[in-house]
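# sharing a sequence plus its predicted fold:
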Amino acid sequence: MKRLTLPLVLICLAGAGRAQLLPDQKLLDFQQLAALYAKQYAPYEWKRDALKIDLLQLSPWLDRVRNTKNDIEFYEICAAYVASLNDAHSEFFLPTDFQADLLFDVDQYDGKALIDFIDPSLGRGFSFRVGDELISVDGKPVADWIKEFGKYNAFGNPRSTDRSSASLITFRDQSIYPRAAEIGESATVVIRRKSTGSTDTYSVPWEKFGLPISVIGPVPSPRVNSARHPRARVAPKPGGDDGAAPKPRPPYMQALMNLRNYRLPEQKNLRGFGALTPVFSLPTGFVRRLGRNGDFFYSGTYTSGGKRIGFIRIPDFLDSSTIDNEGFALQQFQTEINFMQANTDGLVLDIMRNPGGDGCYAESLLLSLIPYRFRGMGQEVRVTRDWVLAFSEAIDQANFFGADQLTIDQLSAILAQLQNAYRQNHVRTDGFPQCATYYERDPMTDRNGNVIAYKKPILLLTDEFSVSSAEIFAALFQDSKRGPILGWRTAGAGGSIPFSPTATGFYSEASALATQTLMVRNEQVYTADFPTTSYIENVGVRPNIEVDYMTEANLTDNGKAFVDAFTAAILDLLK
C-alpha cells in the first residue's frame, strides 16, 4: 500500500503550481457552502446570540477566499468557516480518502499529550511507551499542532475540541485537515520519557493510505451564452464504505429517521470511542455477564463496602438508519435490568466515549431505568420546503403500506408543526416530542402491567466524548431526577444531521453536514459561560459530581482512581 501511495503523492504535488480553481469558481463554491447553512442550519440564532458567531456575515470570509493562492488554501477557508460554528455535528469534507498514521495515539491527560496506544506493528526500534509525553512533531510543539487542527475540527465543548485535535497529530485525515498530505516519508518526533524524564528524538515512518489531493481544477467557468453546465458530484458518505448495505427502514420512516440521527459524523481516533469495553479496568472480583462479540452491552457485578454493585456500559445508541438489531438490543437490555434488579443494591451506567446514534433508542433504554413517568426529549426543526414535502409524502406512503396508527399520527403531528412554521416564515418550528405525539413516557411493564424498570439507585458516568444521543440520554436522566451524573461535561452536540453530507461546490467537489435540529431538554440550565437555556448545543450536560478521568494517574493505572471515585459515589447513594 505504501509503495503505491508515494507516486500518487508526487503526481498530485507536481501539479500544485497549475490547474487551480479560478477565482470566480472559489467565490461561487464558497457562497454555495454558506447558502447550505443559511437555509438548513438550525442553531443559527443560538450561535449568533450566545456565541456571537454570525455565519451570514460573509464579507471577511469572501475577502479571505479572494486572497487564496491555491486550492488547498481555499479548502482551508471552507473548513474554517464551518468549524467556526463550534458544532461537532457540522463538518466540511474534502473529496479525498487520504490518511496517514504514525501508528501511535496521543490524548490530553493533565493538559499533556501522552501516548495512550502503540500499534504492535510499529516495530521494536522505538523505545517509547504508553504514558510517555509527546513534545513535538517535525519541530512544531504539541500546543501549536492542537491550535492548528482546532481551526478545522471544532466541538461545542472546547476540551472535546482540544482532545480531538491532539489525536490528529499522529493520525492525519485529509478529508477534514486539508494539509494532511503535506508530509514526508517520516516524521521527526520528540518524546519525553516518563521513566527517566529525558527527551528522545525518533524518526517515525508515516503509513499512508488513499489518494491525496492538492488541486481540483481546472475547468472553464460558464458564460452567459454557454450551453455547458457544471455537474454536481454525488457526495460520498464520510468514512467510506462499511461493507454491505444496511437493511433500510420502510420508505415512510425515512424522514422520521433523519430527525432521529443524533450521531457524530466521523468516528474519532480516540481510545475506547464507541468500544464495547470500558476505558478503565473494573475492580478485582468483577464478574462479567455481557461483553462478548455480538453483545450490545458490557455488564457485570462487583462487591464493595458490603454492597453488590451492578455495572452496564452502553457503547453507542445504534444507527437510526436501519431496523437491524434494535429489538434484540432492547430485549438484551431488559433481561440485564431484570437480573440487576434482583441481584444488586445499586447500578453504575457508563456512556463515556459514546458517539451517539438514534435518539429514540436512547429514550427507549431509559424506560427500563426510570420506574415512573417522565418527559421525553423535544426538538426544534429548521423548516424547509424539503421537510414539508418529505413528511407529506411519508404520510401518503404510510397509509398505502398500512402503517400503524401511532406512526401515522406522529408523522401528521410533525407535518402540522412544519407547515405552521413554514406558513408563518419561522426559521424553526416550536419544540415538539422527538419520539411520539406526546412528551410523557411511561416505564417498562410486564404483560400484567407491573413496572419492571430498575428501582434501585443509579449513578451515570459521562465525559466530554459522550456525544449527541448520549447527551439526550444524560439530559433525560438528569431532568427526571433519576440519579446523579459523575464525570465531565458532555460534548455539547445538541442536534441531528442527515445521514449523508450535501455537495457544497460544483467546482471544488466538496461536501458538508449542517445540523438540522436543536434538542430541547425539559429543564432550564444555568451556567456561567452561556445564557440560561434548555438547549444542549454547546452547553452539554453538566455532571452533578465532577471527576476528571483524563489524568496521568488514570492512564498509567487503568483508571483506578476514577473507578474508586464512582464506587465511593454509588456507595454514598446506597447509604
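That came through, no problem.

# surely residue 153 touches residue 80?
No: with contact defined as CB atoms under 8 Å, residue 153 does not reach residue 80; the gap is 10.2 Å. (Glycine included, C-beta is placed from N, CA and C.)

# any idea which element residue 573 lies in?
helix 560-574 (DSSP states H and E).

# now do that helix: distance to the chain's middle.
Offset of helix 560-574 from its chain centre (CA atoms, centre = their mean, to the nearest Å): 28 Å.

# likewise for stretch 28-48?
Computed by CA atoms, centre = their mean, the chain-centroid distance of stretch 28-48 equals 20 Å.

# now do stretch 121-141
27 Å.

# on that earlier part again, quick one: which of residue 153 and residue 80 has more around it?
The residue with more neighbours, out of residue 153 and residue 80, is residue 153; 26 against 17, by other CB atoms under 10 Å.

# just to be sure, the more buried one is in a strand?
No: Residue 153 is assigned coil when assessed by DSSP: H, G, I helix; E, B strand; the rest coil, not a strand.

# what's near enough to touch it?
83, 161, 164, 165, 168, 176, 177 (CB atoms under 8 Å, 6 or more residues apart in numbering).

# out of these, who has the most neighbours?
Using other CB under 10 Å as the neighbour criterion, residue 164 leads those with 28 neighbours.

# what does the host helix or strand of that one contact?
Take DSSP H and E as the rule and residue 164 turns out to sit in helix 158-167. Contacts to helix 158-167, defined as CB under 8 Å, 6+ apart, come from residues 86, 88, 105-108, 113, 142, 145-150, 153-155, 268-270, 464-465, 488-489, 491-492, 550.

# ok, now how distant is residue 496 from residue 513?
Residue 496 is 10 Å from residue 513, where distance means CB to CB, to the nearest Å.

# these two: which is more packed in?
residue 496 (28 against 25).

# sec struct for the more buried one, please.
coil.

# now do the nearest residue in space to it that is not next to it in sequence, the pLDDT please.
Leaving aside its sequence neighbours, residue 496 sits nearest to residue 517 (CB to CB, 6 or more residues apart in numbering; 4.6 Å). Residue 517 carries a pLDDT value of 96.

# ok, back up a step: model confidence over the helix holding residue 573, on average?
In this model, helix 560-574 has an average pLDDT of 98.

# begin at 29 from here
Yes, from this point I'll number from 29; that puts the last item at helix 588-602.

# which residues are contacting the longest strand along the chain?
If you go by DSSP state E, the chain has its longest strand at strand 545-553. Applying CB under 8 Å, 6+ apart, the contact partners of strand 545-553 are 70-71, 74, 287, 290, 387, 403, 405-410, 456, 459, 462, 467, 499-500, 503-504, 506-507, 522-524, 560-565, 567, 570.

# what's residue 120 in contact with, if anything?
Contact analysis of residue 120 by CB under 8 Å, 6+ apart lists 61, 103, 106-107, 109-111, 180, 204, 532, 538-540.

# please name the residues that touch residue 73.
455, 456.

# correction: residue 410
With CB under 8 Å, 6+ apart, residue 410 has these contacts: 68, 69, 70, 72, 455, 456, 544, 545.

# now the nearest residue to it once chain neighbours are set aside, what's its secondary structure?
Among residues not flanking residue 410 along the chain, residue 70 sits closest, at 3.9 Å (CB to CB, 6+ apart). Under three-state DSSP, the three-state class of residue 70 is coil.

# before we move on, what about residue 420?
Reduced to three states by three-state DSSP, residue 420 is helix.

# distance check, the closest residue to it other than its chain neighbours against residue 428.
Residue nearest to residue 420 in three dimensions, not counting chain neighbours: residue 443, with 6.1 Å by CB to CB, 6+ apart. According to CB to CB, residue 443 stands 16 Å off from residue 428.

# where does this protein have low pLDDT?
By pLDDT under 70, the low-scoring segments of the chain are 29-47, 245-246, 249, 251-276, 348-352.

# all set, thanks.
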